[in-house]
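S.K.: Sequence and predicted structure, then a few things I'm wondering about:
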Amino acid sequence: MMEHKNGNETIASHSSLNTETTAPARSTIKKSIGGIGSLIKLLPTGTVFLFQFLNPVVTNSGRCKTSNKYLSSILLVICGFNCFFSTFTDSYTGTDKKRHYGIVTTKGLWPSPPASTSIDLTKYRLKGSDFVHAALSLLIFALLGLLDTNTVHCFYPSFESTQKQLLQVLPPTIGVFVGWMFVMFPQHRHGIGYPVSTDDSHDASKISNESPQNPIHNV
């Protein structure tokens, strides 16, 4: 009876030790996911959803063959390009009270509205800060895509142990960097894939300063 009791105490002590050991790890993972979640808010919603939905499919949940690696690479390139391209788009409310989207150019938005609408789109012209925001969007998506568990298992499975360390360090570090960059180069566009929060009284000839495409407080 004594031996059985000692055995139970040993098992209980090991169980308690494992619980104490895994608790900090779980806490760290939750914080890492939260940090990445804040950064994801700075990307086009549809692109993020598309990647998170298709990535497990094209990578076969991380158990990749050669064809899966090609498909996953194509998905990463398409989603990355869309994050970059969406930064160079904007929208305005026309006289018909509908939202119209266009590509940012040096002269304004393209395609331009009919001349009869008399809407001045020169304030939407291309700026140097757009290239900064495009680079930041691409950086954030690279963090999301390349450190995704399925991507890691597919392309570099030996990197899995390092992945946890990077998830602890990169999200908060990049979050601080991105937040600082948006203070230096504020964004006021409402491009394709980004939510728009404006009321019916929104002036069609001005960019809203109340609901930026990439709010800093989300970082």
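M.R.: Here it is on my side, so go on.
S.K.: Identify the residue nearest Leu109 in space, chain neighbours excluded?
M.R.: In space, Leu109 comes closest to Gly102 once its chain neighbours are excluded; the distance is 3.4 Å by C-beta to C-beta, 6 or more residues apart in numbering. No exception for glycine: its C-beta is placed from N, CA and C like everyone else's.
S.K.: Might one say that the one you found is in contact with Arg125?
M.R.: No. In this structure Gly102 lies outside contact range of Arg125 using C-beta atoms under 8 Å: 11.2 Å.
S.K.: Show me which of these two is the more surrounded one.
M.R.: Shown here are Gly102 and Arg125; by other C-beta atoms under 10 Å, Gly102 has more neighbours (19 against 14).
S.K.: quick one: Gly62 and Glu160, what's the gap?
M.R.: Gly62 sits 10 Å away from Glu160, going by C-beta to C-beta, to the nearest Å.
S.K.: So for the two, which sits in the more crowded spot?
M.R.: Gly62 (19 against 12).
S.K.: Quick one, grab the pLDDT at the more buried one.
M.R.: On pLDDT, Gly62 comes in at 87.
S.K.: Just give the nearest non-adjacent residue to it, would you?
M.R.: Nearest non-adjacent residue to Gly62 (C-beta to C-beta, 6+ apart): His153, at 3.0 Å.
S.K.: what about Ile103, which helix or strand?
M.R.: Element membership of Ile103, judged by DSSP states H and E, is strand 99-104.
S.K.: Within the sheet, what are the partner strands of the helix or strand following that strand, with directions?
M.R.: Following strand 99-104 in sequence order, the next helix or strand is strand 109-110 (DSSP H and E). Strand 109-110 has the following strand partners under DSSP bridges: strand 99-104 (antiparallel).
S.K.: got the buried residues for the partner strand?
M.R.: His100, Gly102, Ile103, Val104 (16 or more other C-beta atoms under 10 Å).
S.K.: Of those residues, which pair is most distant in space?
M.R.: Within the buried residues of strand 99-104, His100 and Val104 form the most distant pair, 13.3 Å apart (C-beta to C-beta).
S.K.: any idea how far Ser86 is from Val48?
M.R.: 11 Å.
S.K.: Please apply the same query to Arg99.
M.R.: As defined by C-beta to C-beta, Arg99 lies at a distance of 15 Å from Ser86.
S.K.: tell me the mean pLDDT for stretch 171-184?
M.R.: Stretch 171-184 comes out at a mean pLDDT of 80.
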